[in-house]
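**Q** Let's see this in three dimensions:
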Amino acid sequence: MNGFLKPKLLLPLMTAALLAAVISIPILSGPIFHSHASTPIQHIVIMDKENRSFDSMFGAFPGVNGATTYKDPNGNVHPLNHQPNKLSRDISHTHNAAIRAYDNGKMDKFSQNPGAIQNGVDEADSQF
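**A** Numbering: from 1, shown residues only. This next block holds a predicted model:
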């Protein structure tokens, strides 16, 4: 592995590290003080869905300042398409696909990657 972790091992290790940090905070911080706020946080839920960003999962929620549009390779702005729960095939994850989509910081060529267009819909530029 040449000193690097396999990508499939990275997410579980990062999740375990985050959970360990969150669990250890009350232990290391001393006594727990209870809030008297009208809506105290009682639970923290971590959602994880492969190959999704915050904007693709929560960008359309009320009160969230998330992305709702995307710019195509010609510079035209469109509303993000609806993202299905499961794609018929995977969108390319290769290094070349990432470089293409990044497009020197313009972030406008996701639709040109293999698998991005499925059933005539740009699934690379979509959200739930």
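**Q** Assess the claim that Ser111 and Lys71 are in contact.
**A** No - look at Ser111 against Lys71 with Cβ atoms under 8 Å: they stay out of range, at 10.2 Å. Where you see a C-beta, it was placed from the backbone N, CA and C, and this is true even at glycine.
**Q** When the two are compared, which one has more neighbours?
**A** The neighbour count for Ser111 versus Lys71, taken as other Cβ atoms under 10 Å, is higher for Ser111 (18 against 14).
**Q** quick one: secondary structure of the more buried one?
**A** helix (DSSP: H, G, I helix; E, B strand; the rest coil).
**Q** My reading is that Asn85 is in a helix; is that accurate?
**A** No - Asn85: not assigned to a helix; according to three-state DSSP it is coil.
**Q** so where's this protein shaky on pLDDT?
**A** Low-confidence segments of the chain (pLDDT under 70): 1-10, 18-37.
**Q** ok, now how distant is the most centrally placed residue in it from Gln42?
**A** The chain has Ser53 as the residue nearest its centroid, 1.5 Å off, counting by Cα atoms, centre = their mean. From Ser53 over to Gln42 the distance is 27 Å, taken as Cβ to Cβ, to the nearest Å.
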